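> Provide a 3D model corresponding to the input given below.
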Amino acid sequence: MDIQNDVRTLQEFVVDSESVIRDIQSNQRPVMVTSNGEPGVVIIPADFMSSKLKALKAICDLSSE
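Numbers count the residues shown, from 1 in each chain. A predicted model of the protein is given here:
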C-alpha cells in the first residue's frame with residue numbers, strides 16, 4: 001500500500017468522495033480511509049475484490065481435494 005496515494009482521511013472522503021471513488025476505480029487499488037489518524041475502513045474496487053475471491057475459491061478447492 002502506497003501511503004501517499006492509498007490512504008485518505010475521513011475528511012478528504014467526506015469533502016470529495018466522488019473524486020476518491022473515481023481514483024479507486026481508475027487505479028484499481030484499495031484505499032484506506034482513516035479517522036482521527038486510525039485506520040477506519042478500506043474501500044476496494046469491485047473487480048479487485050472479485051479477482052481475490054476467485055483466487056481464494058481456487059485455493060480452497062485445491063486444499064479440499
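> C-alpha from now on. contacts and neighbour counts both.
Will do.
> Could you report the pLDDT at L62?
At L62, the model reports a pLDDT of 86.
> and K57, what does it touch?
Contact analysis of K57 by Cα atoms under 8 Å, 6 or more residues apart in numbering lists nothing.
> any idea how far the strand or helix carrying it is from the chain center?
Secondary structure from DSSP states H and E places K57 in helix 46-63. How far helix 46-63 lies from its chain's middle: 16 Å, per Cα atoms, centre = their mean, to the nearest Å.
> what do you get for stretch 8-24?
12 Å.
> And the residue nearest to the spatial centre of the chain, its phi and psi?
Nearest to the mean C-alpha position of the chain, by Cα atoms, centre = their mean, lies P30 at 2.2 Å. Dihedral pair for P30: phi -70, psi 150, per degrees, to the nearest 10.
> swap in V31?
phi -130, psi 130.
> Tell me, how many residues neighbour it?
22 (other Cα atoms under 10 Å).
> Could you report the pLDDT at it?
Reported pLDDT for V31: 95.
> give the contact list for the closest residue to it other than its chain neighbours.
Leaving aside its chain neighbours, V31 sits nearest to D6 (4.6 Å; criterion: Cα to Cα, 6 or more residues apart in numbering). Neighbouring residues of D6 by Cα under 8 Å, 6+ apart: 29-32.
> Max pairwise distance over these: which two?
Greatest spacing in the contacts of D6, by Cα to Cα: R29 and M32 (10.0 Å).
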